[in-house]
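Novice: Just need the structure, nothing else, for what follows:
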Amino acid sequence: MGGPVSDDRTHDVTALLMEWRGGAPGAVERLLPLVHGELRRLAKRHMAGERPDHVLQATALVNEVYLRLVDIRRVQWQDRAHFFAMAARLMRRVLVDYARAQQNQKRGGALRRLTFDENLAVTSDTPDDLIDIDDALRALAAQYERKSQVVELRFFGGMGVEETAEVLKVSPETVMRDWKFAKNWLLRELSRNSTGR
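Specialist: Now for the predicted structure:
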């Protein structure tokens, strides 16, 4: 995710996560400056698929994720990769919550085309698109939880195959099989949803 991270910095993040998990005072405050740059890169990646006039910007997205992270109780933090996987999930939730709020304000609309390119990049022109993607991922998770986690880590978390395999404790080959399956499954699901409107 992003550029290479030094072993010392990875160790510092993991150590602070363990302190946070143990309830050490000030651990979160010391952790946030270490992860801020990577969270901004992740937020910019999420925002790249949004309209240029989107009300939320990368900084606001990172701030909202900070607030939600601090509110999380009883997370058994494992390591840096686990932290960023959770941050990616929270960013997705923030954007979907925002899209649902927008959708509630503007009911109706014409038929839209939803697409993933072969690398699973999303073309999203409306709040409904993001909601459809989130709904499809939830449906995938209901049937194939690990495959859904692979999508979340790779697409939303920006993790590579090796890092995803490490987080999920599976082989890189399994990650690649799950990735291929999930992309095809999501494309079918999104296609069915967009033609069924």
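Novice: Buried residues in the longest helix seen in the chain, which are they?
Specialist: Scanning the chain for the longest helix, with DSSP state H as the assignment, gives helix 80-105. Neighbour counts over helix 80-105 (16 or more other C-beta atoms under 10 Å) mark 80-92, 94-96, 98-99, 102-103 as buried. Bear in mind the C-beta positions are built from the backbone N, C-alpha and C, glycine included.
Novice: Kindly report the same for stretch 186-195.
Specialist: By 16+ other C-beta under 10 Å, the buried positions in stretch 186-195 come out as 186-187, 189-190, 194.
Novice: how distant is it from the center of its chain?
Specialist: 20 Å (C-alpha atoms, centre = their mean, to the nearest Å).
Novice: Kindly report the same for stretch 151-164.
Specialist: The answer for stretch 151-164 is 9 Å, by C-alpha atoms, centre = their mean.
Novice: go on, stretch 69-86?
Specialist: 13 Å.
Novice: Mean confidence (pLDDT) on it, please.
Specialist: Stretch 69-86 carries an average pLDDT of 78.
Novice: what sits up against it?
Specialist: 1, 5, 10, 13-14, 17-18, 20-21, 28, 35, 38, 42, 87, 90, 149, 152-153, 157, 159, 163, 166-167 (C-beta atoms under 8 Å, 6 or more residues apart in numbering).
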